[in-house]
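# here you go, sequence then predicted model.
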Amino acid sequence: MIYPRVLVISNNSFSNTDSNGRTLGNLFKGWPKEKLAQFCISTDGPNFDLCDNYYCLTDREVLDAFLHLRKAEGRRLVPENQVKTTGSRGEGKKTLMMMLARNIIWGRNRWRSKGFEKWMSEFNPEAILLFFSDSAFMLQIGTTLSEELDVPLMMYNTEGYYFFNSNYCRTKTKWDWLLFPIYQGLYRRQVRKTMRRVVFSMYLNQLLQADYDKVFGGPSAVLYTSSALQFEEHPFNSDNPTFSYIGNLTFNRPKALMEVADVLQEINKSFVLNIYGKPLNEETEKELRNHPGIAYKGFIPYAEVLRVIHNSDVLFHAETSDERWEESLRYGFSTKIADSVSSGTCFVLYAPSHIACAQYIQSTKSGWFADNRDDLRRCVEEILNNDSKRKAVLENAKRTAEANHSLLKNSRVFQQIICDIVKK
């Protein structure tokens with residue numbers, strides 16, 4: 001395979017700890033370092049084993065340049081200076097006002113300094129891969145550079161922001177009724193412009209692909225999240241099973257997890273759901289710690305995540321049925337689902353039946369699915385009491401992991417797509 005020079009444009013850098021950075025990085029496993037560069041605005045431990053040519057420019061640096069009428073000088077990240085940078089946007093304080101302000105500030109091209117132009121000229125990319133986001137300015141950057149350099153633009157998309165008709169920001173303000181139509185109009189206009197330039201699109205799941213293809217058409221493929229986990233069969237402890245949830249605690253997910261814990265308690269008062277993750281606020285953490293049947297363990301690094309997965313008897317993933325988050329969850333497909341299906345541990349999804357991950361688990365039969373408490377109890381009891389059913393589902397999970405979540409297979413397909421497009 002002849003590897004072209006690829007510039008990756010994304011909010012997050014390649015990373016072994018951040019889920020988006022790990023998802024994207026897995027697709028480039030084995031790509032020659034000298035043929036890979038990344039422009040990003042946030043980094044949480046850049047993966048220098050994968051790429052050593054980073055140019056990072058944060059929101060704060062661009063804002064400072066905007067206010068002082070000068071160009072913003074980014075930084076070339078090096079292993080000796082692995083500093084976590086998150087710009088100026090707080091994870092739990094994303095607002096429409098902030099998003100519109102970011103688009104205005106970045107749109108003034110203060111980020112295009114001599115240092116950036118020199119970095120870009122030295123690398124001289126033959127293709128650009130854009131990791132889609134809800135930041136119109138990032139889409140604009142990828143589109144503009146593709147046009148100026150006259151190189152193909154490819155897209156990897158894990159979210160359905162284009163289709164959202166209501167404000168999905170977790171932090172609301174009294175001006176959202178006015179700001180959302182403005183944000184939506186500007187964002188959709190940029191997406192349409194970007195998609196006219198994109199020569200190939202890759203999507204996280206089939207529902208996402210179907211909806212985007214219906215509007216934009218064009219060649220596309222589905223590439224599910226990859227997992228480095230090896231399928232390991234281990235004895236199931238039906239007398240004293242370990243139940244675990246590992247992941248984000250956003251989108252009112254704690255409420256759904258409390259329902260899971262309630263069902264476990266109904267089955268057996270000694271059953272406890274171990275929860276690993278970082279809550280949005282102290283109030284949510286207090287609720288989790290005080291709820292019967294929950295053992296809140298806090299946030300753990302990814303290396304520890306893998307240990308917990310293999311040491312659990314049943315893994316849960318849960319999504320709320322709250323209508324406020326219906327749009328945001330429609331295309332949801334947690335990275336932990338790939339790890340869970342690939343692990344050899346029993347996996348239960350408790351979620352609304354219409355969302356992407358629910359359709360996936362039901363169609364592949366790679367785990368147990370429930371969208372109400374009665375079915376959830378039935379699933380848990382079946383896992384505990386039906387050895388043949390448990391083995392059958394785990395066998396389906398193994399086949400599904402090999403077909404859809406193999407790190408080696410997915411990276412080969414992804415990289416072949418890029419090489420074929422550049423060759424043409």
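Sure thing, it's come through.
# please, where are all the strands along the protein?
6-9, 36-40, 54-56, 75-77, 127-131, 153-157, 198-203, 220-222, 243-246, 273-276, 294-298, 314-318, 346-350, 368-370 (DSSP state E).
# CA atoms of stretch 319-339 as PDB?
Below are the C-alpha coordinates for stretch 319-339, written out as PDB (Å, rounded to 0.1, in the frame of the first residue of the first chain):
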ATOM      1  CA  GLU A 319     -29.700   5.900  27.900                       C
ATOM      2  CA  THR A 320     -32.500   8.000  29.200                       C
ATOM      3  CA  SER A 321     -36.000   8.000  27.700                       C
ATOM      4  CA  ASP A 322     -36.400  11.700  28.500                       C
ATOM      5  CA  GLU A 323     -37.800  13.400  25.500                       C
ATOM      6  CA  ARG A 324     -35.500  16.400  26.000                       C
ATOM      7  CA  TRP A 325     -32.600  14.400  24.900                       C
ATOM      8  CA  GLU A 326     -34.300  12.400  22.100                       C
ATOM      9  CA  GLU A 327     -32.500  14.200  19.200                       C
ATOM     10  CA  SER A 328     -29.100  14.100  20.900                       C
ATOM     11  CA  LEU A 329     -29.300  10.400  21.600                       C
ATOM     12  CA  ARG A 330     -30.800   9.300  18.200                       C
ATOM     13  CA  TYR A 331     -27.400   8.500  16.700                       C
ATOM     14  CA  GLY A 332     -25.600   7.700  19.900                       C
ATOM     15  CA  PHE A 333     -23.200   4.900  19.800                       C
ATOM     16  CA  SER A 334     -20.900   4.800  22.800                       C
ATOM     17  CA  THR A 335     -17.300   3.700  22.300                       C
ATOM     18  CA  LYS A 336     -17.800   1.400  25.300                       C
ATOM     19  CA  ILE A 337     -20.300  -0.600  23.300                       C
ATOM     20  CA  ALA A 338     -17.500  -1.800  21.000                       C
ATOM     21  CA  ASP A 339     -15.400  -2.700  23.900                       C
END
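# just how off-centre is it within its chain?
Relative to the centre of its chain, stretch 319-339 is centred 11 Å away, using C-alpha atoms, centre = their mean, to the nearest Å.
# what residues sit buried inside it?
Neighbour counts using 16 or more other C-beta atoms under 10 Å place 319-321, 325, 327-339 of stretch 319-339 among the buried residues. C-beta: built from backbone N, CA, C; applies to glycine.
# and if you look at stretch 61-72?
In stretch 61-72, counting by 16+ other C-beta under 10 Å, buried: Glu61, Val62, Leu63, Ala65, Phe66, Lys71, Ala72.
# quick check: pLDDT value at the last one.
Which is Ala72. On the pLDDT scale, Ala72 is placed at 93.
# just give the nearest non-adjacent residue to it, would you?
Excluding the flanking residues, the one nearest Ala72 by C-beta to C-beta, 6 or more residues apart in numbering is Ala65, at 3.6 Å.
# quick check: the gap between the one you found and Arg197.
Distance of Ala65 to Arg197, computed by C-beta to C-beta, to the nearest Å: 27 Å.
# what's the answer for Leu306, then?
39 Å.
# burial count for Pro241?
Residues lying near Pro241 (other C-beta atoms under 10 Å) number 19.
# any idea how far Ser166 is from it?
40 Å.
# go on, Ala358?
Following C-beta to C-beta, the distance that separates Ala358 from Ser166 is 21 Å.
# between the two, which has more neighbouring residues?
Ala358 (23 against 11).
# ok, the closest residue to that one other than its chain neighbours - contacts?
Using C-beta to C-beta, 6+ apart and skipping residues adjacent in sequence, the residue nearest Ala358 is Ala351, 4.9 Å away. Residues near Ala351 by C-beta atoms under 8 Å, 6 or more residues apart in numbering: Ala256, His317, Ala318, Glu319, Ser321, Leu329, Cys357, Ala358, Phe369, Asp371.
# now pLDDT and distance to Ala397 too, for the residues you listed, in CSV please.
Below are the contacts of Ala351 laid out as CSV (pLDDT from 0 to 100; distance: C-beta to C-beta, whole Å):
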residue, pLDDT, distance to Ala397
Ala256, 96, 22
His317, 97, 13
Ala318, 96, 18
Glu319, 94, 19
Ser321, 86, 25
Leu329, 88, 23
Cys357, 95, 14
Ala358, 96, 16
Phe369, 98, 13
Asp371, 96, 20
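# out of the residues you listed, who's nearest Leu384?
For these, the minimum distance to Leu384 (C-beta to C-beta) is 16.8 Å, reached by Phe369.
# burial of Asn311, as a residue count?
12.
# now Arg110. Nearest residue, chain neighbours left out?
Closest to Arg110 by C-beta to C-beta, 6+ apart is Ala65, at 4.2 Å.
# I figured the one you found was touching Thr58, is that so?
No - Ala65 lies out of contact with Thr58 (C-beta atoms under 8 Å); the separation is 10.8 Å.
# measure Ala356 to Glu159 for me?
11 Å.
# what touches both of the two?
In contact with both Ala356 and Glu159: Leu208, Tyr331, using C-beta under 8 Å, 6+ apart.
# so where's this protein shaky on pLDDT?
80-92 (pLDDT under 70).
# for Asp134, what are its contacts?
Met99, Glu159, Tyr161, Tyr187.
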